[in-house]
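1. Here is a sequence with its predicted model. Questions after.
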Amino acid sequence: MAEHEDLEQYCLQLARQAKAASEELLRVSGAQKNQWLLSAARLLGERSVALAEANRRDLAAAPTYGLTDAQIDRLRLTPKRIEEMAQALREVAALPDPVGEVIWSSVRPTGWVVHKVRVPLGVVFFIYESRPNVTADAAALCVKSGNAVILRGGKEALHSNLAIAAILAEAASEAGIPAHAVQLVDTPNREVVGRLLRMPEYINVVIPRGGESLIRRITEEAQMPVIKHYAGNCHVYVDRTARPDLAESILINAKCQRMGVCNAAESLLIHAEVADSLLPRLCQALADRGIEIRGDSRTCRLFPQAKPATEQDYYTEYLGPIISVKVVASLDEAIDHINHYGSHHTDAIITQDIDAAREFTTRVDSAAVMVNASTRLHDGGQFGLGAEIGISTDKFHARGPCGLAELTSYKYVVYGQGHLRE
């Protein structure tokens with residue numbers, strides 16, 4: 001943990017070094033990047049004792065930060081989690097290098113050639129909380145896609161993050177990766193974030209990963225583009241033709257498989273035609289798993305254990321054992337409810353009606369729309385896209401899982417033979 005007398009100069013140095021490294025990375029081969037990833041994976045295993053010791057320092061200080069038991073668990077680095085972190089680096093190494101990919105090309109009538117080529121974004125400022133493994137994951141994805149990255153983790157994980165960053169730096173030296181391709185902010189001083197957000201001449205994009213208040217702050221202060229998602233208020237809509245067994249299994253997985261994540265279901269909508277027969281069954285299945293039901297008047301009548309829902313309940317991302325429930329009169333009402341109250345993250349329809357499925361997928365304005373599948377499947381790895389740095393609810397420039405391709409842009413490269421415009 002460091003203190004810097006001249007914070008502005010410290011931030012300027014980080015930004016300038018990252019910019020220079022991003023330019024050096026343009027000359028680094030895919031083989032070098034993969035060598036770095038595999039060396040770092042090896043070193044994580046070899047230094048597991050030192051990593052555990054650094055992590056113990058963070059865990060010892062955790063109560064002073066007011067962390068909950070769940071937050072402390074996310075902070076903890078076990079031998080299994082260290083191996084999983086190393087395996088994640090190996091998996092990124094196995095992915096195709098996106099840099100230099102020709103996305104599209106055309107030979108013009110007079111013989112000159114246009115290529116649309118994938119290129120890095122440049123410098124990524126990545127801000128995140130709690131989990132130390134994110135340090136390795138984010139660095140891996142950014143550098144593999146040709147970007148330099150400035151990492152700002154939470155103060156509660158600083159010792160763990162510093163230990164991981166030191167391993168990444170050692171592996172970078174072995175592989176010929178620029179020394180400042182990965183830089184970790186080594187001070188908990190909150191002013192660092194604000195100062196870096198005001199350096200668009202060096203930093204090309206900011207990616208915040210954390211609570212809604214953090215993301216809103218970053219969005220308001222950043223002078224460069226932000227890739228973000230504010231919340232994961234995800235819905236499961238049970239249509240009038242839904243198979244009861246399918247509806248129950250998908251709903252339980254979407255809500256209960258892991259509650260504290262952005263793609264867990266937070267709201268259940270059910271068509272009025274099947275509410276009498278199906279709603280009590282679904283609510284009881286949730287209640288049996290410790291889920292509190294907050295519903296509209298018809299829900300409370302059909303399932304007396306439910307509590308009356310407020311307007312705010314339908315906007316809320318609970319990240320825990322609560323779900324809002326509403327009976328809707330039609331598919332149109334379900335779609336309108338989702339587009340109004342939802343966060344445009346992930347929403348699902350359970351139906352046997354192909355026309356209803358098409359209407360839902362066309363009109364629900366979310367990053368991922370699921371038909372007869374759990375919202376929990378919205379994930380880069382599950383989609384077959386490889387690792388991801390997060391899930392974006394933006395429409396520009398990336399939407400949904402942000403993997404290697406989403407950490408790139410493109411440029412046009414033209415080959416001619418003295419061609420001129422007439």
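-> Right, received. Where do you want to start?
2. Quick one: name whatever helix or strand follows the helix or strand of the chain with the lowest mean pLDDT.
-> When the helices and strands of the chain are compared on mean pLDDT, DSSP states H and E, helix 69-75 comes out lowest with a mean of 85. Past helix 69-75, heading to the C-terminal end, the next element that is a helix or strand (DSSP states H and E) is helix 79-94.
3. Which neighbouring elements make contact with that following helix?
-> Using 3 or more CB pairs under 8 Å, 6 or more residues apart in numbering; DSSP states H and E as the contact definition, the elements that helix 79-94 packs against are helix 30-46, helix 48-61, helix 133-144. Just so you know, the C-beta spots here come from the backbone N, C-alpha and C atoms, and that holds for glycine as well.
4. Single out the most deeply packed of the ones you listed.
-> Per-residue neighbour counts averaged over each of those give the maximum for helix 133-144, namely a mean of 26 (mean count of other CB atoms under 10 Å).
5. Next, the buried residues of the least confident helix or strand of the chain.
-> For helix 69-75, the neighbour count (16 or more other CB atoms under 10 Å) marks 71-72, 74-75 as buried.
6. export that helix as PDB, just CAs?
-> Output in PDB follows, covering the C-alpha atoms of helix 69-75 (Å, rounded to 0.1, in the frame of the first residue of the first chain):
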ATOM      1  CA  ASP A  69     -19.800 -12.700   5.300                       C
ATOM      2  CA  ALA A  70     -20.700 -13.000   1.600                       C
ATOM      3  CA  GLN A  71     -18.300 -10.200   0.700                       C
ATOM      4  CA  ILE A  72     -15.500 -11.800   2.800                       C
ATOM      5  CA  ASP A  73     -16.100 -15.100   1.000                       C
ATOM      6  CA  ARG A  74     -15.700 -13.400  -2.400                       C
ATOM      7  CA  LEU A  75     -12.400 -11.900  -1.100                       C
END
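7. ok now it, how far from the chain's centre?
-> Its chain's C-alpha centre lies 19 Å from the corresponding centre of helix 69-75 when counted by CA atoms, centre = their mean, to the nearest Å.
8. Got the phi and psi for the residue lying closest to Ala157 once chain neighbours are set aside?
-> Leaving out its chain neighbours, the residue that sits closest to Ala157 by CB to CB, 6 or more residues apart in numbering is Pro132, at 4.9 Å. Comment: the main-chain dihedrals of Pro132 come out as phi -60, psi -30, following degrees, to the nearest 10.
9. what's the pLDDT at Pro132?
-> Pro132 is assigned a predicted lDDT (pLDDT) of 94.
10. Next, count neighbours for Asp186.
-> As a burial measure, Asp186 scores 17 neighbours (other CB atoms under 10 Å).
11. How much space separates the closest residue to it other than its chain neighbours from Leu168?
-> Among residues not flanking Asp186 along the chain, Ala2 sits closest, at 4.5 Å (CB to CB, 6+ apart). Distance, Ala2 to Leu168, by CB to CB, to the nearest Å: 18 Å.
12. Can you pick out the residue with more neighbours from these two?
-> Relative neighbour count places Leu168 above the other of Ala2 and Leu168, with 25 against 11, counting by other CB under 10 Å.
13. how about the strand or helix carrying that one: buried residues?
-> Secondary structure assigned from DSSP H and E places Leu168 in helix 158-175. Applying a neighbour-count criterion of 16+ other CB under 10 Å, the buried positions in helix 158-175 are 158-169, 171-172, 175.
14. avg pLDDT for that helix?
-> 97.
15. okay, now Ser106: neighbour count?
-> Summarising burial for Ser106: neighbours were counted as other CB under 10 Å, giving 9.
16. you'd agree it is in a strand?
-> Yes - according to DSSP: H, G, I helix; E, B strand; the rest coil, Ser106 belongs to a strand.
17. Can you tell me the number of residues neighbouring the closest residue to it other than its chain neighbours?
-> In space, Ser106 comes closest to Val114 once its chain neighbours are excluded; the distance is 4.9 Å by CB to CB, 6+ apart. The criterion is other CB under 10 Å. On that basis, Val114 has 14 neighbouring residues.
18. picking up where we left off before, which residues touch the least confident helix or strand of the chain?
-> Contact partners of helix 69-75, identified using CB atoms under 8 Å, 6 or more residues apart in numbering, comprise 55, 58-59, 62, 67, 130-132, 156-157, 160, 260.
19. repeat that for 7 Å
-> With CB atoms under 7 Å, 6 or more residues apart in numbering as the test, helix 69-75 has contacts from 58-59, 62, 130-131, 156-157, 260.
20. from those residues, which would you call buried?
-> Buried among the contacts of helix 69-75 by 16+ other CB under 10 Å: 58-59, 62, 130-131, 156-157.
21. In TSV: the residues you listed, plus distance to Val99.
-> Output for those, formatted as TSV (distance: CB to CB, whole Å):
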residue	distance to Val99
Asp58	34
Leu59	38
Ala62	39
Ser130	30
Arg131	27
Glu156	34
Ala157	30
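22. so how far is stretch 94-113 off the chain centroid?
-> Distance of stretch 94-113 from the chain centroid (CA atoms, centre = their mean) equals 28 Å.
23. Pull the residues that contact that stretch.
-> Among residues not part of stretch 94-113, those counted as contacts by CB under 7 Å, 6+ apart are 30, 33, 114-120, 144-146, 386, 404-405, 408, 410, 414-417, 419.
24. PyMOL command for the buried members of those?
-> Buried subset of these, written as a PyMOL selection, criterion 16+ other CB under 10 Å:
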select buried, resi 33+117+118+119+120+144+145+146+386+404+405+408
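25. among the contacts of stretch 94-113, which are in helices?
-> Secondary-structure check on the contacts of stretch 94-113 using DSSP state H: residues within helices are 30, 33, 144.
26. Strands along the stretch 301-422 of the chain, start to end?
-> Listed from the start of the chain, the stretch 301-422 of the chain has strands (DSSP state E, counting those that start in this stretch) covering 307-308, 322-328, 346-350, 368-371, 391-392, 400-401, 408-415.
27. Direction included, what does the fifth one pair up with?
-> Each strand that pairs with strand 391-392, with its direction, by DSSP bridges: strand 400-401 (antiparallel).
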